[in-house]
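# Fold the following for me, if possible:
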Amino acid sequence: MEYLGDSWRNREAEGYELTPSLRLIRTPGHSAEDITLLAGTESGVVAFAGDLWWHADGPADDPVAPDREVLRASRLRVPAAADLIVPGHGGPFRGDDSTPR
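A predicted model of the protein is given here:
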């Protein structure tokens, strides 16, 4: 959604470009409305993934995720798009084979 003055407008997040180096992608899983901000930096792409992961170790099974397969699909998508992941509660990490899917 977007606020313009006192107006609220819904917008599709997928692929929305805020600037040439900031883009949104839909990453439902923890909730149906989740999005991830992809930020292009000199060091690579950083994904601000909210609660898709709480920290580098997961949790592997998010206890509030409404659909485990949707969560898994988003968790596969983000490491493929980013060099560094910033989760909702822990420190940044690099997605690899040990990253909970």
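# Quick one: find the helix or strand in the protein with the lowest mean pLDDT.
Lowest by mean pLDDT, DSSP states H and E among the helices and strands of the chain is strand 2-4, with a mean of 74.
# so what strands line up beside that strand?
Using DSSP bridges, strand 2-4 pairs in its sheet with strand 7-9 (antiparallel).
# helices or strands up against whichever helix or strand comes after the strand it pairs with?
Per DSSP states H and E, the first helix or strand lying C-terminal to strand 7-9 is strand 17-19. Applying 3 or more C-beta pairs under 8 Å, 6 or more residues apart in numbering; DSSP states H and E, we find strand 17-19 packed against strand 22-26. Any C-beta I mention is one placed from the backbone N, CA and C, and that applies to glycine too.
# any idea of the mean pLDDT for the strand it packs on?
Mean pLDDT, strand 22-26: 97.
# can you check stretch 72-89 too?
Averaging pLDDT along stretch 72-89 gives 96.
# Identify each buried residue in it, please.
For stretch 72-89, a neighbour-count test (16 or more other C-beta atoms under 10 Å) marks 74-75, 77-79, 82, 84-87 as buried.
# Between all of these, which two are separated the most?
Taking C-beta to C-beta as the measure, the buried residues of stretch 72-89 span a maximum distance of 16.8 Å, between 74 and 84.
# Return the subset of the buried residues of stretch 72-89 lying in helices.
74-75, 77-79 (DSSP state H).
# tell me which of those residues is nearest to residue 54?
When those are compared against residue 54 (criterion: C-beta to C-beta), the nearest one is residue 75, at 12.1 Å.
# Run a quick check on the closest one versus residue 100, I expect a contact.
Yes: with contact defined as C-beta atoms under 8 Å, residue 75 counts as touching residue 100 (6.9 Å).
# Spell out which residues are contacts of both of those two.
With contacts defined as C-beta atoms under 8 Å, 6 or more residues apart in numbering, the residues shared by residue 75 and residue 100 are residue 53.
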